[in-house]
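Engineer: have a look at this fold, sequence not included:
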C-alpha cells in the first residue's frame, strides 16, 4: 500500500536528538505514514548505533555530502507518498501532526504545494528577559493564527515543520544546495524554504499555513545569547544576497548602519557598538538591523553616499 505521507527527519551528527524526533513520529506511523531518516553524516560517531536502534521502525537513507538541502533532496528522491513532510531532528511532532498536514492540504486544494505548520519553542531553562516574540522567529517559532489558509504577503514557513506535495517538489528541482545549513558549526545560511516557495509561486503554486500540524522546537541554550542572534542576522544578510532577496540597495543599507550609529551614545559611536550586548529586545532588534545592513553593504561593495 502506498503511504499518504512520508515524514522525513534529516540529521547531521545529532543522534542524541534524533531519538526524540523519531519517538514523536512513530505513534503516527503505519500504512498511511512512513518515517524516513536521512543520515547526513554516515560513518560519524553514533551513526551506526542510531541506525541499529531504529532498525525496522524507519527507512534509513544515507547522504554523505553535508548540507541540509542535499539531505532534503535525498528524502525527495526516496519518498513514496504524495505528501512529504519534514521534521527537524531537534523538533518533536505533536500527536496528529501528520494527519494535520494531510487535512490542511485537503482543505486548501491542489493549488497549495507547500504547507507550514505551527512551531512552538521549548527552552530547557527560562529564556533571557530580552527575548520576545519579535526575535523568536529566528529560533523557528511560527504561529500565524488558528486558520488553515494560504500565506499572506510577508509571511513564511519554518523548516522545523513543513510539508510539500512531493511531485511539485520534484518538478521544481528540490531545494537549492547553495542555501540552508551546511553542517558546519559556524554556518547559519537560511532562505532555503523561502527560495523554494518563490520557485513554486513562479509555477503558479501557493504556500500555506496550518495550525493543525504542530511541532515543538527544542532551543539549544547556546542560541539564547545576543551574540548568536547577531551571528544569525549576519548570515541572514548573506542568505538574502545569495537568494537575490536583498530588500534594499547596498548604499541604502550602509546609510541605515550610519543612522543607527548616530542614535547611540556619542562615546559608543564606533563599529564596536555592532557587537555590544543590548539592554532589551527593542534595542537588540535595532542593532540586528544595523548588523544586517553592514554585512549586506560590505559584501555588495556599497558606495558611501557622503562621498
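Structural biologist: Good, I have the coordinates. As the structure is a computational prediction, the values presented were derived from the model and not from experiment.

Engineer: contacts, neighbours, all on C-alpha from now
Structural biologist: OK.

Engineer: strands of the stretch 51-200 of the chain, start to end?
Structural biologist: 59-62, 83-87, 91-93, 112-123, 149-150, 161-165 (DSSP state E, counting those that start in this stretch).

Engineer: now those as a markdown table including mean neighbour count, mean pLDDT and distance to residue 45?
Structural biologist: Below are those laid out as a markdown table (neighbours: other Cα atoms under 10 Å; pLDDT from 0 to 100; distance: least, Cα to Cα, whole Å):
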| stretch | mean neighbour count | mean pLDDT | distance to residue 45 |
| --- | --- | --- | --- |
| strand 59-62 | 17 | 96 | 14 |
| strand 83-87 | 26 | 98 | 22 |
| strand 91-93 | 26 | 97 | 21 |
| strand 112-123 | 24 | 96 | 26 |
| strand 149-150 | 18 | 97 | 42 |
| strand 161-165 | 25 | 96 | 27 |
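
Engineer: tabulate those strands (a markdown table), appending distance to residue 179.
Structural biologist: A markdown table is the format used below for the strands of the stretch 51-200 of the chain (distance: least, Cα to Cα, whole Å):
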| stretch | distance to residue 179 |
| --- | --- |
| strand 59-62 | 20 |
| strand 83-87 | 17 |
| strand 91-93 | 21 |
| strand 112-123 | 18 |
| strand 149-150 | 24 |
| strand 161-165 | 17 |
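
Engineer: go through these and name the closest to residue 203.
Structural biologist: Residue 203 lies closest to strand 112-123 among these, at 10.2 Å (Cα to Cα).

Engineer: mind giving me the packing neighbours of the closest one?
Structural biologist: Contact partners of strand 112-123 among helices and strands, from 3 or more Cα pairs under 8 Å, 6 or more residues apart in numbering; DSSP states H and E: helix 97-108, strand 161-165, strand 206-219.

Engineer: strands paired with the second one, and their directions?
Structural biologist: Sheet neighbours of strand 161-165, with direction, are listed as strand 83-87 (antiparallel), strand 112-123 (antiparallel) (DSSP bridges).

Engineer: who touches residue 196 in this structure?
Structural biologist: When contacts are counted by Cα atoms under 8 Å, 6 or more residues apart in numbering, residue 196 touches 172, 174, 175, 176.

Engineer: name the member of the residues you listed with the most neighbours.
Structural biologist: The residue in the contacts of residue 196 with the most neighbours, by other Cα atoms under 10 Å, is residue 175 (24 neighbours).

Engineer: quick one: the residue nearest to it when sequence neighbours are not counted and residue 112, what's the gap?
Structural biologist: Once flanking residues are discounted, residue 175 sits nearest to residue 69: 5.4 Å by Cα to Cα, 6 or more residues apart in numbering. Remark: distance between residue 69 and residue 112 (Cα to Cα, to the nearest Å) = 21 Å.

Engineer: now do the domain split for the chain, please.
Structural biologist: 5-223, 226-299 (automatic domain parsing).

Engineer: out of the ones you listed, which gets the lowest mean score?
Structural biologist: With a mean of 88, domain 226-299 has the lowest mean pLDDT of the domains of the chain.

Engineer: for this protein, what's the longest helix?
Structural biologist: Criterion DSSP state H: the longest helix present in the chain is helix 281-299.

Engineer: so what touches that one?
Structural biologist: 130-132, 134-135, 226, 229-230, 233-234, 236-238, 241, 246, 250-251, 253-254, 256-257, 260, 274, 277-278.

Engineer: take these and keep only those in helices.
Structural biologist: Those of these mapping onto helices are 134-135, 226, 229-230, 233-234, 236-238, 241, 250-251, 253-254, 256-257, 260, per DSSP H.
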